[in-house]
Each structure stands twice: as C-alpha cells, then as structure tokens.
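A.B. asks: return atomic coordinates for the entry below.
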Amino acid sequence: MAFDTKLKLNLKDLSLSVKIILALLPSVLVTVLVVVMMILPKNDEIKLLDAEIINQEKEIAKDKAKVARLASLKIENERLIKRLNELKLQLPEEKEVSGLLKQVSDLGIKSGLRIISWKPDNKRDHPSGIIYEIPVLVELSGSYHSLGMFFSSLTKLNRIVNISDIRLGDPVPQMTEAMLKIAFRATTFSAVPESEIAEKTAAAKKEKKI
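C.D. replies: Here you go, the predicted model:
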C-alpha cells in the first residue's frame, strides 16, 4: 500500500500576520546571531574598559588636586624661607655672641643701672635642634625707672634676647628715688652650623638603625 503525499504551500492562502512574520524572520535571525556571537562576548570587555576609565578619571582628578596644591605649597614654602632668612639675621653666629652680650651690658649701664654680677652660663641645645641657647645670669641694681628704660632698649635690638626668671629685691630708699636689686636670666641664641646639624642627623639615623 503506497501513500503519495504532496505538500503544497500557497502564500496567497497565508494570513497577513504570518506573511509579516515570515518577512521579518530572516532579519530577526541575523540580529540574534549578531547579538549572541559578537555583542554579548564584548560586554565583559566593555565593563573592564569602563572600570579602567573610571579609575583613570579618579587618578586625573587626584593629579589635578595635587597640581593645585603644589602651587599653594610653593607660595607657602617661599614665605617660610623668607621668614627663616629674617630670623637668621636675628641670630648671631656664636663668635658674635660675646659682642652682643657686651652690648646688652652697655645698655644696662646707659640706662642708669649698676652691674653687680654678669655670669655667662653654658650653652645648651634648643629643642628645635637648629639653634643654641646661650644664657647669662645677671644681677644689677637701680631704680624702677632705669629698669624700665633698660627693658625698653632691649626690644630695639636687632638680635633676639629673652629675659626670664626676673627677681626683684626689696627697694632701698635713697635720697632721690628707691633703689632695688634685680636678678634675671638673659638668653640669646646662635644658629647651629649646618655641618653640626648634618653630623647630628647622621648620628641619629645611625642610632635608629642599631
């Protein structure tokens, strides 16, 4: 027994919607193939590139901030260097200290004070490590007026002289005005030579390594 089956497809018999689907089917298939084979595999790569771009943008922003900060730091550095140079002018070299201290003594005499004792003390390192403190223990006598003139004249010196540990004795009545005994510590400063600073820095580094 034989079957003779014949399938005949007549497009005219298809509905409009089926015709539209059949017309669009090739382009849909091509689109799906393109998405599956070309676009999807690139998604991971695109995400990595996007992350890299974001990181680069952050680095660029940081660099821009550093550049802006650098300009202000340069200005601040120039200001500090200028201030440091001004302070150096107020710090005598160690060999000049004796002359400065004599100048202070002369100011006391010119102010009407009598020098009783003038004892230079040992120099000591300042906590900054870049200057020495050079103190002198002073005892003198005179009137309140002379003492005021003396302290006022010290403020006009172009070198730094600090007065501390001031002690005033009981005034002794005189014919004109009361006299008193004054004791204080006068401290001036001298810059530590750069060679000594370098030696101390090297020694400190060596101790840390040990």
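
A.B. asks: let's verify the most centrally placed residue in the chain: helix, strand, or coil?
C.D. replies: Central residue of the chain (CA atoms, centre = their mean): Leu73, 8.3 Å from the mean position. Following DSSP: H, G, I helix; E, B strand; the rest coil, the label given to Leu73 is helix.

A.B. asks: what's the mean pLDDT across the host helix or strand of Val67?
C.D. replies: Using DSSP states H and E, Val67 sits in helix 40-90. Throughout helix 40-90, pLDDT has a mean value of 78.

A.B. asks: so who does Ser111 touch?
C.D. replies: Gly142, Ser146, Leu147, Met149, Phe150, Ser153 (CB atoms under 8 Å, 6 or more residues apart in numbering). Every C-beta, even on glycine, is put in place using the N, C-alpha and C of the backbone.

A.B. asks: again, 6 Å this time
C.D. replies: Applying CB atoms under 6 Å, 6 or more residues apart in numbering, one finds that Ser111 lies in contact with Ser146, Met149, Phe150.

A.B. asks: quick check on it: phi, psi?
C.D. replies: phi -80, psi 0 (degrees, to the nearest 10).

A.B. asks: now do it against Ala51, distance only.
C.D. replies: 77 Å (CB to CB, to the nearest Å).

A.B. asks: how about Val97?
C.D. replies: From Val97 to Ala51 the distance is 65 Å (CB to CB).
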